[in-house]
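*Asks:* my questions are about this predicted structure, shown below with the sequence.
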Amino acid sequence: MPSIRSYCCRRLSAPIPQVLWMCLAAIPAAASGCGEIQEARDSASRAEVSNNLKQVGLAVLNYEGSGEQGTSKTQAPAVPRKIIYDAKVDLVVESLNGLESSILDLVKQNGGFLAESDLATQVSTQRTATWRVRVPVDRFDAFVRAVGRLGEVRTSHLGSQDVTEEYFDIEARIRNKQEEEKRLLKHLADSTGKLEDILKVESELSRVRGEIEQMQGRLRFLANRADLSTVTITATELKNYTPPEPVTLSAQINTTFFRSLNALIAFGESLLLVVVALVPWLPVIVLGVFIAFAMRRASLKFEAGKLPRATSSGPEAS
């Protein structure tokens with residue numbers, strides 16, 4: 001953009017009015033040129049600021065991403081939980097004859113073992129049997145479902161107990177006690193004191209070892225219960241089986257009446273037994289009552305005999 005001065009100098013050969021006119025005409029053009037230059041500078045500045053903000057935003061995002069990656073890398077592994085699972089399944093089956101072999105096959109397939117078995121048989125009554133088995137925790141659900149297919153499920157109960165806190169608390173206490181045991185052993189090895197002091201250290205060492213063994217036993221018990229779930233299976237034979245009837249108001253009234261009547265009969269029987277038990281003691285009781293009555297009567301006669309003599313001796317004394 002040519003300056004006003006150079007433009008005017010190139011036109012010196014023209015008349016002065018024309019030169020002045022030309023100069024006045026060039027002023028708006030120069031002003032518009034300066035405005036365009038300033039606008040270009042402002043646009044460049046805004047673009048530079050926007051670019052800087054974008055760079056700052058990218059830097060912040062990269063920093064946060066690297067922080068999250070570092071946190072995920074340094075995050076501690078999850079603590080394995082110790083949970084005890086148990087189940088109780090009550091079945092009604094056609095026959096108990098082949099049921100035990102089926103249960104044992106299921107236990108073997110799921111890597112468990114039979115812990116207890118009980119069969120009850122009475123004349124003219126249903127046969128019932130109970131099995132208590134231990135199966136690994138990862139096979140617990142599959143085993144319970146398989147047991148439910150052996151008969152008609154009458155009742156089913158599933159339970160769990162979280163012992164994670166107790167387990168790791170015992171582990172920490174064992175480590176502390178083992179450190180205490182090491183200090184006692186070192187003190188006992190380096191001790192050159194009296195026999196009494198040595199005996200005290202040995203007594204304390206024995207106590208600490210006993211506590212460690214007790215806690216280790218509890219730890220093994222919790223680990224065993226958490227690794228192997230317990231399933232109790234009760235089966236009732238369908239022969240002579242009577243399904244439970246729905247409880248109605250008339251049934252409740254009937255049950256309450258006969259329960260009260262039975263209680264009254266039981267009270268009468270107890271009272272009769274008390275009377276029967278007292279019959280052999282009746283002569284002794286009668287004799288005791290007669291002796292007590294005779295002594296009381298003699299005592300009253302003696303007091304009555306002393307009273308007139310006391311009143312008659314009064315005037316003589318006066």
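*Replies:* Received, thanks.
*Asks:* ok, the closest residue to Val92 other than its chain neighbours - how many residues close by?
*Replies:* Distance criterion CB to CB, 6 or more residues apart in numbering; nearest residue to Val92, sequence neighbours excluded, is Glu152 at 4.6 Å. Quick note: C-beta positions are derived from backbone N, CA and C, even for glycine. For Glu152, the tally of surrounding residues (other CB atoms under 10 Å) stands at 14.
*Asks:* Glu152 and Leu91, how far apart?
*Replies:* 7 Å (CB to CB, to the nearest Å).
*Asks:* same question, Asp118
*Replies:* 15 Å.
*Asks:* again, but for Leu219
*Replies:* 35 Å.
*Asks:* more neighbours, these two?
*Replies:* Leu91 (20 against 17).
*Asks:* tell me the spacing between that one and Ala129.
*Replies:* 10 Å.
*Asks:* name the residues contacting each of these two.
*Replies:* By CB atoms under 8 Å, 6 or more residues apart in numbering, Leu91 and Ala129 have these common neighbours: Thr234, Ala235.
*Asks:* so, low pLDDT: which residues of this protein?
*Replies:* Where the chain drops to pLDDT under 70, the residues are 1-79, 122-125, 240-245, 306-318.
*Asks:* can you give me the helices in it?
*Replies:* 4-10, 16-74, 99-109, 140-148, 164-190, 195-227, 249-278, 282-317 (DSSP state H).
*Asks:* hang on, isn't Ala223 packed against Pro80?
*Replies:* No - using CB atoms under 8 Å, Ala223 is not in contact with Pro80; the gap is 11.0 Å.
*Asks:* who has more neighbours, these two?
*Replies:* Between Ala223 and Pro80, counting by other CB under 10 Å, Ala223 is the more crowded of the two (13 against 10).
*Asks:* for the more buried one, what are its contacts?
*Replies:* Ala223 neighbours (CB under 8 Å, 6+ apart): Lys82, Tyr167.
*Asks:* please apply the same query to Gly159.
*Replies:* Gly159 neighbours (CB under 8 Å, 6+ apart): Tyr85, Asp86, Ala87.
*Asks:* same thing but at 10 Å, please
*Replies:* Gly159 sits next to Ile84, Tyr85, Asp86, Ala87, Lys88, Thr230 when contact means CB atoms under 10 Å, 6 or more residues apart in numbering.
*Asks:* ok, of the residues you listed, which one's closest to Glu269?
*Replies:* Lys88 (38.3 Å; CB to CB).
*Asks:* so that closest one is in contact with Thr232, correct?
*Replies:* Yes - here Lys88 reaches Thr232: they are 4.7 Å apart, a contact under CB atoms under 10 Å.
*Asks:* mind listing the shared neighbours of those two?
*Replies:* Counting by CB under 10 Å, 6+ apart, the residues touching both Lys88 and Thr232 are Arg132, His157.
*Asks:* the residue lying closest to Glu166 once chain neighbours are set aside: how many residues sit nearby?
*Replies:* Nearest residue to Glu166, sequence neighbours excluded (CB to CB, 6+ apart): Leu222, at 6.7 Å. By other CB under 10 Å, 18 other residues sit near Leu222.
*Asks:* contacting residues for Leu222?
*Replies:* For Leu222, counting by CB under 10 Å, 6+ apart, the contacting residues are Lys82, Ile84, Gln161, Val163, Thr164, Glu166, Tyr167, Ile170.
*Asks:* out of those, which one sits closest to Gly148?
*Replies:* For these, the nearest to Gly148 is Ile84 (21.1 Å; CB to CB).
*Asks:* so what's that closest one bridging to?
*Replies:* Taking DSSP bridges, one obtains Gln161 as the residues bridged to Ile84.
*Asks:* residues contacting Thr121?
*Replies:* Leu96, Arg127, Thr128, Ala129, Glu237.
*Asks:* format the residues you listed as CSV; extra columns: distance to Asn262 and neighbour count.
*Replies:* Shown next, in CSV, are the contacts of Thr121 (distance: CB to CB, whole Å; neighbours: other CB atoms under 10 Å):
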residue, distance to Asn262, neighbour count
Leu96, 33, 19
Arg127, 29, 18
Thr128, 26, 16
Ala129, 32, 20
Glu237, 30, 20
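*Asks:* looking at the residues you listed, which is nearest Thr192?
*Replies:* Looking across the contacts of Thr121 and measuring by CB to CB, the closest to Thr192 is Ala129, at 67.5 Å.
*Asks:* distance check, the closest one against Thr236.
*Replies:* Distance from Ala129 to Thr236, by CB to CB: 8 Å.
*Asks:* and for those two, which residues touch both?
*Replies:* Joint contacts of Ala129 and Thr236 (CB under 10 Å, 6+ apart) are Leu91, Val93, Leu96.
*Asks:* what's the closest of the residues you listed to Leu205?
*Replies:* Of all these, Leu91 has the smallest distance to Leu205: 54.1 Å, by CB to CB.
*Asks:* quick check: closest non-adjacent residue to the closest one.
*Replies:* Gly151 (3.8 Å).
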